[in-house]
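Chemist: The following block contains a protein sequence and its predicted model.
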Amino acid sequence: MLSVAVLISGTGSNLRALLEAAEDPGYPARIVAVGADRDAAGLAHAEEFGIPTFVVPFRDFASREEWAAELGRRLDDIRPDLIVLSGLMRLLPASLVAKWQPRIINTHPAYLPEFPGAHGVRDALAAGVEQTGASVIVVDDGVDTGPILAQERIPVLPGDAEDTLHERIKPVERRLLIDVVRRIATGELDPSAHP
(Lines give C-alpha, C1' and ligand atoms only; values in the text may rest on other atoms or scores of the structure.)
Protein backbone atom coordinates (compact mmCIF):
# COMPACT_ATOMS: atom_id res chain seq x y z
CA MET A 1 0.00 0.00 0.00
CA LEU A 2 1.48 3.32 -1.09
CA SER A 3 1.57 5.91 1.70
CA VAL A 4 0.94 9.47 0.55
CA ALA A 5 1.46 12.85 2.23
CA VAL A 6 -0.38 15.78 0.65
CA LEU A 7 0.72 19.41 0.95
CA ILE A 8 -1.79 22.22 0.38
CA SER A 9 -2.23 25.99 0.66
CA GLY A 10 -5.92 26.46 -0.11
CA THR A 11 -9.30 24.79 -0.30
CA GLY A 12 -7.97 21.35 -1.16
CA SER A 13 -10.38 20.27 -3.92
CA ASN A 14 -7.79 17.89 -5.41
CA LEU A 15 -7.03 16.65 -1.90
CA ARG A 16 -10.71 15.86 -1.32
CA ALA A 17 -10.92 13.90 -4.57
CA LEU A 18 -7.84 11.89 -3.56
CA LEU A 19 -9.25 11.25 -0.07
CA GLU A 20 -12.50 10.00 -1.59
CA ALA A 21 -10.61 7.73 -4.01
CA ALA A 22 -8.52 6.31 -1.14
CA GLU A 23 -11.70 5.41 0.77
CA ASP A 24 -12.25 2.63 -1.79
CA PRO A 25 -10.67 -0.54 -0.35
CA GLY A 26 -9.48 -1.41 -3.86
CA TYR A 27 -7.51 1.82 -4.27
CA PRO A 28 -3.82 0.95 -3.67
CA ALA A 29 -2.80 4.15 -1.84
CA ARG A 30 -3.64 5.74 1.51
CA ILE A 31 -3.29 9.36 2.60
CA VAL A 32 -1.28 9.29 5.83
CA ALA A 33 -0.94 13.04 6.51
CA VAL A 34 -1.91 16.43 5.12
CA GLY A 35 0.29 19.45 5.67
CA ALA A 36 -0.10 23.13 4.85
CA ASP A 37 1.96 26.31 4.77
CA ARG A 38 -0.88 28.28 6.41
CA ASP A 39 -4.19 27.62 8.15
CA ALA A 40 -5.69 26.31 4.92
CA ALA A 41 -9.39 25.61 4.52
CA GLY A 42 -8.57 22.27 2.90
CA LEU A 43 -7.27 20.86 6.19
CA ALA A 44 -10.93 20.36 7.11
CA HIS A 45 -11.18 17.65 4.42
CA ALA A 46 -8.37 15.69 6.06
CA GLU A 47 -9.94 16.10 9.50
CA GLU A 48 -13.29 14.88 8.13
CA PHE A 49 -11.56 11.71 6.88
CA GLY A 50 -9.61 11.25 10.12
CA ILE A 51 -6.24 12.00 8.53
CA PRO A 52 -3.58 13.70 10.71
CA THR A 53 -2.75 17.27 9.71
CA PHE A 54 0.09 19.67 10.39
CA VAL A 55 0.83 23.30 9.58
CA VAL A 56 4.28 24.80 9.00
CA PRO A 57 3.42 28.51 8.61
CA PHE A 58 5.67 30.11 6.02
CA ARG A 59 5.41 33.51 7.74
CA ASP A 60 6.98 32.08 10.92
CA PHE A 61 10.37 31.59 9.25
CA ALA A 62 13.04 34.06 8.19
CA SER A 63 13.67 32.32 4.86
CA ARG A 64 12.21 29.78 2.47
CA GLU A 65 15.10 27.46 3.33
CA GLU A 66 14.34 27.57 7.08
CA TRP A 67 10.65 26.93 6.37
CA ALA A 68 11.53 24.02 4.10
CA ALA A 69 13.90 22.56 6.69
CA GLU A 70 11.04 22.36 9.19
CA LEU A 71 8.70 20.99 6.52
CA GLY A 72 11.36 18.41 5.70
CA ARG A 73 11.58 17.37 9.37
CA ARG A 74 7.81 16.82 9.42
CA LEU A 75 7.98 14.75 6.26
CA ASP A 76 10.90 12.74 7.68
CA ASP A 77 8.72 11.88 10.68
CA ILE A 78 5.91 10.69 8.40
CA ARG A 79 8.17 8.93 5.86
CA PRO A 80 5.62 8.78 3.02
CA ASP A 81 6.25 6.81 -0.14
CA LEU A 82 4.96 9.74 -2.20
CA ILE A 83 4.37 13.46 -1.64
CA VAL A 84 1.58 15.18 -3.58
CA LEU A 85 1.61 18.96 -3.90
CA SER A 86 -2.06 19.81 -4.18
CA GLY A 87 -2.31 23.54 -4.58
CA LEU A 88 0.75 24.25 -2.45
CA MET A 89 1.54 27.80 -3.52
CA ARG A 90 5.20 27.75 -2.44
CA LEU A 91 8.24 26.71 -4.39
CA LEU A 92 10.18 24.06 -2.52
CA PRO A 93 13.93 24.75 -2.25
CA ALA A 94 16.19 22.54 -4.34
CA SER A 95 17.56 20.83 -1.23
CA LEU A 96 14.13 19.50 -0.21
CA VAL A 97 13.23 18.54 -3.77
CA ALA A 98 16.54 16.69 -4.21
CA LYS A 99 15.94 14.65 -1.06
CA TRP A 100 12.52 13.38 -2.19
CA GLN A 101 12.78 13.45 -5.98
CA PRO A 102 11.23 11.73 -7.91
CA ARG A 103 8.70 11.01 -5.15
CA ILE A 104 7.12 14.49 -5.22
CA ILE A 105 4.39 15.09 -7.79
CA ASN A 106 2.26 18.11 -8.60
CA THR A 107 -0.79 18.97 -10.68
CA HIS A 108 -0.87 22.00 -12.95
CA PRO A 109 -3.82 23.60 -14.78
CA ALA A 110 -2.17 23.77 -18.20
CA TYR A 111 -0.75 21.43 -20.83
CA LEU A 112 2.89 21.72 -19.84
CA PRO A 113 5.37 22.94 -20.93
CA GLU A 114 2.78 25.52 -22.02
CA PHE A 115 1.90 28.16 -19.39
CA PRO A 116 3.96 27.19 -16.34
CA GLY A 117 3.76 29.15 -13.10
CA ALA A 118 1.07 30.37 -10.76
CA HIS A 119 -1.24 31.80 -13.44
CA GLY A 120 -1.46 29.01 -16.02
CA VAL A 121 -5.17 29.50 -16.70
CA ARG A 122 -4.94 33.29 -16.96
CA ASP A 123 -1.87 33.01 -19.19
CA ALA A 124 -3.63 30.58 -21.56
CA LEU A 125 -6.55 32.99 -21.93
CA ALA A 126 -4.24 35.95 -22.47
CA ALA A 127 -2.42 34.03 -25.21
CA GLY A 128 -5.70 33.42 -27.04
CA VAL A 129 -5.11 29.69 -27.48
CA GLU A 130 -7.92 27.35 -28.55
CA GLN A 131 -6.97 24.70 -26.02
CA THR A 132 -5.08 24.31 -22.80
CA GLY A 133 -5.08 21.35 -20.44
CA ALA A 134 -4.09 19.72 -17.19
CA SER A 135 -0.84 17.99 -16.27
CA VAL A 136 0.65 15.86 -13.50
CA ILE A 137 4.41 16.15 -13.19
CA VAL A 138 7.36 15.07 -11.10
CA VAL A 139 8.55 18.10 -9.15
CA ASP A 140 12.05 19.26 -9.93
CA ASP A 141 13.87 22.43 -8.88
CA GLY A 142 12.33 24.51 -11.67
CA VAL A 143 8.86 26.02 -11.98
CA ASP A 144 6.61 23.34 -13.50
CA THR A 145 9.53 21.94 -15.49
CA GLY A 146 9.64 18.36 -14.16
CA PRO A 147 8.96 15.20 -16.14
CA ILE A 148 5.34 14.88 -17.26
CA LEU A 149 3.53 11.80 -15.92
CA ALA A 150 0.09 12.48 -17.43
CA GLN A 151 -1.71 15.26 -19.25
CA GLU A 152 -4.87 15.95 -21.18
CA ARG A 153 -6.07 18.71 -23.49
CA ILE A 154 -9.09 20.88 -22.62
CA PRO A 155 -10.73 23.27 -25.11
CA VAL A 156 -10.93 26.97 -24.42
CA LEU A 157 -14.52 27.93 -25.19
CA PRO A 158 -15.74 31.25 -26.58
CA GLY A 159 -16.55 33.55 -23.68
CA ASP A 160 -14.41 31.62 -21.20
CA ALA A 161 -13.19 33.62 -18.23
CA GLU A 162 -10.42 32.51 -15.88
CA ASP A 163 -12.87 31.06 -13.36
CA THR A 164 -15.05 29.17 -15.88
CA LEU A 165 -12.05 27.67 -17.66
CA HIS A 166 -10.42 26.71 -14.36
CA GLU A 167 -13.63 25.01 -13.22
CA ARG A 168 -13.53 22.82 -16.34
CA ILE A 169 -9.84 22.02 -15.82
CA LYS A 170 -10.19 20.98 -12.15
CA PRO A 171 -12.13 17.72 -12.71
CA VAL A 172 -9.55 16.63 -15.29
CA GLU A 173 -6.70 17.47 -12.88
CA ARG A 174 -8.40 15.38 -10.17
CA ARG A 175 -8.95 12.41 -12.46
CA LEU A 176 -5.36 12.51 -13.71
CA LEU A 177 -3.98 12.81 -10.17
CA ILE A 178 -6.04 9.89 -8.86
CA ASP A 179 -4.94 7.75 -11.80
CA VAL A 180 -1.24 8.70 -11.53
CA VAL A 181 -1.17 7.88 -7.80
CA ARG A 182 -2.91 4.57 -8.52
CA ARG A 183 -0.44 3.71 -11.28
CA ILE A 184 2.55 4.61 -9.10
CA ALA A 185 1.11 2.45 -6.29
CA THR A 186 0.65 -0.57 -8.56
CA GLY A 187 4.09 -0.18 -10.15
CA GLU A 188 2.56 0.51 -13.55
CA LEU A 189 4.15 3.99 -13.52
CA ASP A 190 7.68 4.65 -12.29
CA PRO A 191 8.31 8.39 -11.75
CA SER A 192 12.07 7.80 -11.84
CA ALA A 193 11.80 6.40 -15.38
CA HIS A 194 10.62 9.74 -16.77
CA PRO A 195 13.56 11.89 -17.87
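Modeler: All right, it came through fine. Numbering: from 1, shown residues only.

Chemist: Where does pLDDT dip in this structure?
Modeler: The chain contains residues with pLDDT under 70 at 195.

Chemist: residue ranges for the strands of it, please.
Modeler: Secondary structure of the chain (DSSP state E): strands located at 2-8, 29-36, 53-55, 82-85, 104-108, 131-138, 148-155.

Chemist: Take those and lay them out in JSON lines including mean neighbour count and distance to residue 72.
Modeler: Glycine gets a C-beta too; all of them are placed from N, C-alpha and C. Listed next are the strands of the chain as JSON lines, based on neighbours: other Cβ atoms under 10 Å; distance: least, Cβ to Cβ, whole Å:
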{"stretch": "strand 2-8", "mean neighbour count": "24", "distance to residue 72": "12"}
{"stretch": "strand 29-36", "mean neighbour count": "22", "distance to residue 72": "11"}
{"stretch": "strand 53-55", "mean neighbour count": "17", "distance to residue 72": "12"}
{"stretch": "strand 82-85", "mean neighbour count": "23", "distance to residue 72": "11"}
{"stretch": "strand 104-108", "mean neighbour count": "24", "distance to residue 72": "11"}
{"stretch": "strand 131-138", "mean neighbour count": "23", "distance to residue 72": "18"}
{"stretch": "strand 148-155", "mean neighbour count": "17", "distance to residue 72": "23"}
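
Chemist: between those, which gets nearest to residue 93?
Modeler: strand 104-108 (12.2 Å; Cβ to Cβ).

Chemist: and the closest one with strand 148-155, angle?
Modeler: In terms of direction (axes from the mean of the first three to the mean of the last three Cα atoms, to 10 degrees), strand 104-108 departs from strand 148-155 by 10 degrees.

Chemist: between strand 104-108 and strand 131-138, what angle do the directions make?
Modeler: Here strand 104-108 runs at an angle of 170 degrees relative to strand 131-138 (the same axes, to 10 degrees).

Chemist: Alright, I will stop here.
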